[in-house]
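Participant: predicted model and sequence below, questions to follow.
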Amino acid sequence: MTEQEIVAKINSSLAEEFEYDLAAMTPETTLFEDMGLDSLDVVDLVIVLETAFNMKVREEEAIRKIRTLGDIHEFVIAKKRQLEGDR
Amino acid sequence: MTYDYAVIGAGVSGITCALTLARSGHQVALIEQAPRTAPLLRGFSRHGVHFDTGFHYTGGLGPGEPLELFLRYLGVGDRIETFCFDERGFDLFRCDAPAFEFSFPIGFANLREQLAATFPAERQAIESYLEQVAAAGQAMPYLNLEAELSQESLLQRVIGPSLREVLDRLTGNELLKSLLSVHSLLYGVSSREVPFALHAAIAGSYYQSVRGIRGGGLSLARAFDARLAELGVTVLCSRQATAIELSPGGAVSGVRLADGELVPCAAAIATVHPQLLLDLVPEGAFRPVYRKRLASLEETVSAVLCFATCDAPIPGLSGSNRFYIPDTAAMDELGGRAVGRGALYLSAAYRDGDPVPAGFIGICPALYSDVAAWQSRRGERPTGYAEYKEEALERLTAQITRAYPELSGHIRSIEASTPLTVSDYCATPLGGLYGVKHMVGQYNPQPATRVPGLFLSGQAVASPGVMGAVLAGLVTCGTLLGHDRIRKELKGCC
C-alpha cells in the first residue's frame, strides 16, 4: 500500500464509522474539536484501525497522544512500515 | 414523576446500581421483565430440594474482603449469613488421564505448599504463578480501594497476556497447567482466551477465601429486596423495557415498557446484554462502529446443566465442589466436546434448613450452536430438541456416575437444562453462561455511552459472578457520581 492509499483508507473508514464528512477531512482536522470524538471514542478508533488494516494496535501511549487526523496517518504509516519490516 | 434514574434489569448489577444511587438520595425505578428480582440468584426447587442457578460459592466474602465490604455498603451484609467452605479442599479436582486428584486448600500459602508438595519439581513456577495472581488482584481498582484507577489501562485486558501464555512461560507440565486453569469454568472462557488479569482477580479471590451463603442465592435475593424497599426504590417486575426514549436534543427522557407505559427519567442504566441494548435505542443514537462493536461481542461458553435429587444424603459434597476432566486437553476445549466427554463441575444442593446436601447440580460446558436450530421456538420446540435434551441428560448422567461412583444408584430424580434454557433464562442471545466474554482481543463496553444520560452496567463492563456484577454496579455508579466519592464511601464501611 502506498502512503496515499493508507491515508485514503483511514479517511474513508473513519468517515463511515464515525459518520463524518469525507470531503471535510484534512490532516489538520482535529478528532476532538472538529470530528466531535471524545475519550470514549478512543477504543472505537482503535477498532476501526485494527479492522481496516487487519492489525493489532497495542501502542497505548501513542494512541493517547493522537490529536489530529494527520497524527493517525503518521501512526498507521509508521506501524505498517514496521510490520512490513518484521516480515 | 420523573425518576433520576431508571435501571433496566434487576440482576445483581442492576440492584447494586439502584441501591447505590438510592442511598445517595436519588429517586430510582428498577425495571425487570421477570416476575421477581434477581431470578438467576433465586434458583428453583424440585422435590423439596433447592437448586442454585446463579450462585454456588464465591471468593471475596470473608471478613474485610471486597465482596463482604460491598454487601455491607449496599446494606445487605447483615441480612445474610455466610459460611466457610472446607479449608482443606474447597474444590476437589480429578483427572482420568493421567489419573490424578488434587484438593484446593483455602489460602495462598496453603495452596502454594499443597501444590509444591504435589509437583515438587515445579515449586518455582508455582510460587511465581501465585505471586503474579496476588499482584494482579491488588492492581484492580475497587477490589483494592487503594489501587489507582489509571492502573487499569485502556487496553490492559485486551492486550493480555492470556492465562495460557503466563502458564506456558512458567512450566511445561500440562497437568499443572490444567489444574491451574480449572477455575476457567467459573468465568466460561478458556485459558488461551482469558486475560490473565481477569483470571487472577477471580481465581485469586477464591485462593484467598471461599464462602457460601446460608440458604443460597435466594437469601441474597431476599436481602436485596428488603433493602430496595427500605430505600424506597420503585421495583417494577414483570415489566419489560422495550425502548429507551430520547428527547429532541438526544438525551435520555424515559424508558418505554411493553405495556406502553413510559417511565420518565433523567438517566437510564441498561444492565442488559449489550447486544440487546441495540434493540432499545433509536437507530442513529450510536455511531456505526459502536453498534458493530456491541453486535459482535463474543459470549462465554454455554452449558448443559443437570439438577439431581438423591435418595441418600451426600456429605462428600458439603462445603466442596467437584471438578472433573477426562484428560489434560479438556480444559482447552471448553464446550468443544460432546456432552459427557469434556469437563464437568458438580456442586451441592440442599433441602431447606438441612446442612447435608440432598442433591447436586452438574454443569458441563456446551456450545449454543448444538441447539441453535431450535432457537426462538420457546414453548413449542419440536421433537428434535426433546431428543437432544434427553440424550444430553443421559450422557451427562453417565459421565457423572462414572466419575463419581458414590453417586451411582442414589439419584432419585434428574432434570436437564440446555444452552437454549440458558439463553431464555439469562437473557443472553447465544446462551452464554456468563454473558459477554472477557477475552484477549475483545473490547468490552465501558459504562459511559455517547448518548447523554445513558449508561451501561452488568458483568460485561467489569467481570462475571456475583462479585463481578456488584463490581460492575459500583463502577457504573462511580462513573455517574464520581469514583472518588464511591471509593471514599466504601472506605468508610471498612
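Facilitator: Received, thanks. Given the structure is predicted, the values throughout are model-derived calculations rather than measurements.

Participant: can you list the strands that the one helix or strand residue B:304 maps to pairs with?
Facilitator: When elements are assigned from DSSP states H and E, residue B:304 belongs to strand B:302-310. For strand B:302-310, the paired strands and their directions (DSSP bridges) read strand B:359-366 (antiparallel), strand B:411-417 (antiparallel).

Participant: can you list the helices and strands that the helix or strand hosting residue A:48 packs against?
Facilitator: Per DSSP H and E: residue A:48 is located in helix A:42-53. Helix A:42-53 sits against helix A:3-17, helix A:60-65, helix A:69-86, helix B:288-295, with contacts defined as 3 or more C-beta pairs under 8 Å, 6 or more residues apart in numbering or on different chains; DSSP states H and E. Placement of C-beta: from N, CA and C, glycine included.

Participant: deepest of those, which one?
Facilitator: Looking across the helices and strands packed on helix A:42-53 with neighbours counted as mean count of other C-beta atoms under 10 Å in any protein chain shown, the highest average goes to helix B:288-295: a mean of 18.

Participant: near chain A, anything from it?
Facilitator: Yes. Interface with chain A: helix B:288-295 contributes B:288, B:289, B:290, B:292, B:293 (C-beta under 8 Å from any C-beta of the partner chain).

Participant: is chain B within reach of the helix or strand of chain A with the lowest mean pLDDT?
Facilitator: When the helices and strands of chain A are scored by mean pLDDT, DSSP states H and E, helix A:60-65 comes last with a mean of 86. Yes. Part of helix A:60-65 sits close enough to chain B to count as contact by C-beta under 8 Å from any C-beta, namely A:60, A:63, A:64.

Participant: check what pLDDT the residue in the stretch 151-300 of chain B positioned nearest to chain A gets.
Facilitator: Ranking the residues of the stretch 151-300 of chain B by distance to chain A (C-beta to the nearest C-beta) places residue B:289 first, at 3.6 Å. What the model reports as pLDDT for residue B:289 is 94.

Participant: show me what contacts it?
Facilitator: Shown in contact with residue B:289 (C-beta atoms under 8 Å, 6 or more residues apart in numbering or on different chains): A:17, A:18, A:44, A:47, A:48.

Participant: give me the domain ranges for chain B.
Facilitator: For chain B, the domain assignment from automatic domain parsing gives the residue ranges B:3-38+B:58-81+B:214-297+B:438-493, B:105-209, B:301-433.

Participant: what's the spacing between the last one and its chain's center?
Facilitator: Pointing back at domain B:301-433 there. A distance of 17 Å separates the centroid of the chain from that of domain B:301-433, by C-alpha atoms, centre = their mean, to the nearest Å.

Participant: now the shortest one
Facilitator: Between the mean C-alpha location of domain B:105-209 and the chain-wide mean there is a distance of 18 Å, by C-alpha atoms, centre = their mean.

Participant: also the first one?
Facilitator: Offset of domain B:3-38+B:58-81+B:214-297+B:438-493 from its chain centre (C-alpha atoms, centre = their mean): 15 Å.

Participant: nearest residue to the closest residue to chain B within chain A other than its sequence neighbours?
Facilitator: Taking C-beta to the nearest C-beta as the measure, the point where chain A comes nearest chain B is residue A:17, at 3.6 Å. Computed as C-beta to C-beta, 6 or more residues apart in numbering or on different chains, the closest residue to residue A:17 that is not its neighbour in sequence is residue B:289, at 3.6 Å.

Participant: could you check how far that neighbour is from residue B:442?
Facilitator: 15 Å (C-beta to C-beta, to the nearest Å).

Participant: equivalent analysis for residue B:355, please.
Facilitator: Separation of residue B:355 from residue B:442 (C-beta to C-beta) stands at 42 Å.

Participant: what residues does the stretch 251-400 of chain B have near chain A?
Facilitator: For the stretch 251-400 of chain B, the residues in contact with chain A under the definition C-beta under 8 Å from any C-beta are B:287, B:288, B:289, B:290, B:292, B:293.

Participant: what sits against the second one?
Facilitator: Right, residue B:288. For residue B:288, the set of contacting residues under the criterion of C-beta under 8 Å, 6+ apart consists of A:16, A:17, A:18, A:19.

Participant: now residue B:56: closest residue in space, sequence neighbours ignored.
Facilitator: Residue B:56's closest residue in space is residue B:347 (C-beta to C-beta, 6+ apart), at 4.4 Å.

Participant: for residue B:103, phi and psi?
Facilitator: For residue B:103, the backbone dihedrals are phi -100, psi 120 (criterion: degrees, to the nearest 10).

Participant: who touches the residue lying closest to it once chain neighbours are set aside in this structure?
Facilitator: Leaving aside its sequence neighbours, residue B:103 sits nearest to residue B:89 (C-beta to C-beta, 6+ apart; 3.0 Å). If a contact means C-beta under 8 Å, 6+ apart, then residue B:89 has B:103, B:104, B:105, B:320 as its contacts.

Participant: residues contacting the second one?
Facilitator: With contacts defined as C-beta under 8 Å, 6+ apart, residue B:104 is in contact with B:89, B:90, B:91, B:92, B:93, B:111, B:114, B:206, B:207.

Participant: quick check: bridge partners of it?
Facilitator: Applying DSSP bridges to residue B:104 gives these bridge partners: residue B:91.

Participant: quick revisit: dump the residues of helix A:60-65 next to chain B into a markdown table; add distance to residue B:421 as well.
Facilitator: A markdown table is the format used below for the residues of helix A:60-65 next to chain B (distance: C-beta to C-beta, whole Å):
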| residue | distance to residue B:421 |
| --- | --- |
| A:60 | 41 |
| A:63 | 42 |
| A:64 | 44 |
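
Participant: out of the contacts of residue B:289, who's the most crowded?
Facilitator: Counting by other C-beta atoms under 10 Å in any protein chain shown, residue A:48 has the largest number of neighbours within the contacts of residue B:289, with 24 neighbours.
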